[in-house]
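J.: with the input below, show me the fold.
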Amino acid sequence: MFDSHTSHEKWLSLLKDHLEKERYSPKTTPHWMSEATKFLTFIAKQKLTIAAVKPETVEHYVRLAKGRYRRRHGHSPDYEGWRCSHTNGIHMLLRLIQGQWPPVPLAVTPSETFQREICDAYAQSLSELRGLAPDTVSDRRAEAGRFLVWLGQRASCEAVALLTVADVDNYMKARAGSLRRPSLKSIATQIRSFLRWLHATARTPRDLSTAVIAPTLYAFESIPSALRSEDVNKILAAAAHDSTPKGVRDYAILTLLAKYGTRAGEIAALRLEDVDWRKDSIRIHHTKTGATSYLPLLPEAGEAILKYLQTARPKTPFREIFIRTRAPYRPFENGSSLYSCIRRWVDAAGVVTTGKRGPHAFRHARAVSMLRATATLKEIGDVLGHRASDSTLVYLKLATEDLRRIALEVPVGVQA
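T.: Numbering: from 1, shown residues only. Predicted structure coming up:
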């Protein structure tokens with residue numbers, strides 16, 4: 001039985017109610033409704049129910065829309081966002097009706113079924129038994145999946161039990177490519193973890209994790225990227241002049257980065273109850289170490305957060321402090337979501353950097369400013385949320401000008 005006109009009206013009413021509930025703009029709502037209406041007409045002609053729609057169905061619709069655009073204008077659409085303008089409303093309609101979009105692809109071959117089962121079990125072990133952070137679990141699961149895909153048809157219970165050192169070496173060679181040593185080291189760590197788990201769960205008779213060869217990274221061999229204090233001030237000044245809701249929010253985020261050196265994920269996870277206005281303190285949950293810091297609420301940070309809460313934060317039931325400025329009004333999914341807005345302010349301030357331009361550059365800059373203010377390593381570590389002093393020692397290399405001032409002259413007799 002195919003969708004009737006009545007069914008289409010019901011689906012469109014569902015979409016319209018959702019858009020209004022999420023407070024999408026008056027410009028967005030009619031456009032998305034129009035595209036959803038056209039798509040429902042399209043699948044009716046194809047004699048498809050909306051429950052049977054697949055990604056290739058949407059692709060077919062987009063190709064036809066692109067053809068109509070070409071015939072009308074004499075060229076293909078080349079402006080950014082054309083595709084999204086035609087598919088966003090459709091994707092939302094499909095999420096509302098099917099529950100998830102895009103749908104999880106079904107495992108077709110026995111090897112695909114095996115890969116999914118193994119990766120799911122591995123991820124569950126990392127999360128529930130080892131208690132690793134979600135981002136770490138996701139990265140390790142993804143690498144395990146890539147390894148199983150590389151095995152191809154050999155991705156089966158019997159074939160995995162016959163894995164050899166040569167297989168591991170060949171995979172690492174295939175992954176190496178043009179990767180730098182730190183990236184290759186990270187891959188080696190992830191593969192070791194997976195191979196160790198395979199052995200611990202009796203899927204391989206031998207622990208092949210010991211056969212993974214990784215490049216050596218020497219302690220303190222590289223210098224972290226950091227913004228200069230004058231650059232941080234320029235970025236803050238640029239954001240402070242933007243009185244739009246987005247500018248007010250971004251200024252509060254930048255202030256937290258500059259004053260506390262917080263990680264991006266820690267800012268994304270910051271909740272309303274983490275700020276104690278009576279005691280002038282802020283609680284930061286350090287996502288990397290699992291530790292919690294209670295720090296004084298500095299005047300600049302407190303004022304920036306308060307202004308955002310009073311004048312710019314959308315009304316939403318979510319408890320996270322920082323919310324997206326466009327519908328749907330949701331918290332940031334993770335720290336990576338902050339990178340684009342931070343880089344935007346770095347560019348707006350005209351700051352040219354030779355290294356990182358994201359949140360970590362502010363973190364390193366904060367460490368340098370504390371070093372120059374004669375703070376102890378423990379004090380710096382407490383603010384940054386480090387568990388071990390070795391994690392803080394790396395920032396000593398950032399104070400290069402200070403180190404030059406205390407450098408000793410090389411005796412004449414020992415010069416090369």
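J.: from here on, just use CA atoms for contacts and neighbour counts.
T.: Noted.
J.: what residues does the helix or strand harbouring A142 touch?
T.: Using DSSP states H and E, A142 maps to helix 134-151. With CA atoms under 8 Å, 6 or more residues apart in numbering as the test, helix 134-151 has contacts from 115-116, 119-120, 122-123, 126-127, 155, 171, 187, 190-191, 193-194.
J.: I'd like the next helix or strand past it.
T.: Next along the chain after helix 134-151, taking DSSP H and E as the criterion, comes helix 157-160.
J.: go through that next one and flag the buried ones.
T.: By 16 or more other CA atoms under 10 Å, the buried positions in helix 157-160 come out as V160.
J.: now that helix: average pLDDT?
T.: Across helix 157-160, pLDDT averages out at 88.
J.: how far does it sit from its chain's centre?
T.: 34 Å (CA atoms, centre = their mean, to the nearest Å).
J.: which residues touch the helix or strand just after it?
T.: Next in sequence after helix 157-160, counting helices and strands by DSSP H and E, comes helix 165-176. Identification of contacts with helix 165-176 by CA under 8 Å, 6+ apart yields 147, 150, 184, 188, 208, 211-213.
J.: which of these fall within helices?
T.: Within the contacts of helix 165-176, residues falling in helices by DSSP state H are 147, 150, 184, 188.
J.: find the pair from these with maximum spatial separation.
T.: Across these, the longest distance by CA to CA is 16.7 Å; it joins W150 and L184.
J.: compare those two (neighbour count), which wins?
T.: L184 (20 against 14; other CA atoms under 10 Å).
J.: so which of the ones in helices among the contacts of helix 165-176 comes closest to P317?
T.: Distance ranking of the ones in helices among the contacts of helix 165-176 against P317, using CA to CA, places F147 first at 41.2 Å.
J.: what bridges to the residue nearest to F322 when sequence neighbours are not counted?
T.: In space, and not counting its chain neighbours, F322 is closest to P331: 6.1 Å by CA to CA, 6 or more residues apart in numbering. Applying DSSP bridges to P331 yields these beta-bridge partners: I323.
J.: list the contacts of P331.
T.: 268, 318, 320-324.
J.: one more time with 7 Å
T.: When the contact criterion is CA atoms under 7 Å, 6 or more residues apart in numbering, the partners of P331 are 320, 322-324.
J.: neighbour-wise, which of these leads?
T.: Most surrounded of the contacts of P331: other CA under 10 Å gives F322, at 27 neighbours.
J.: how much space between it and E303?
T.: Counting by CA to CA, to the nearest Å, the separation of F322 from E303 is 15 Å.
J.: swap in K378?
T.: 28 Å.
J.: kindly report the same for D78.
T.: Between D78 and E303 the computed distance is 44 Å (CA to CA).
J.: contacting residues for the residue minimising distance to the centre of the chain?
T.: Nearest residue to the geometric centre of the chain (CA atoms, centre = their mean): S336, 3.2 Å. Contact analysis of S336 by CA under 7 Å, 6+ apart lists A264.
J.: pretty sure it is in a strand, no?
T.: No - under the criterion used here (DSSP: H, G, I helix; E, B strand; the rest coil), S336 is helix, not part of a strand.
J.: for Y24, helix, strand, or coil?
T.: Going by three-state DSSP: Y24 is coil.
J.: can you verify my assumption that L256 contacts P299?
T.: No - assessed by CA atoms under 7 Å, L256 is found out of contact with P299, at 11.1 Å.
J.: those two: which is more packed in?
T.: Taking neighbours as other CA under 10 Å, L256 and P299 compare with L256 leading, 24 against 10.
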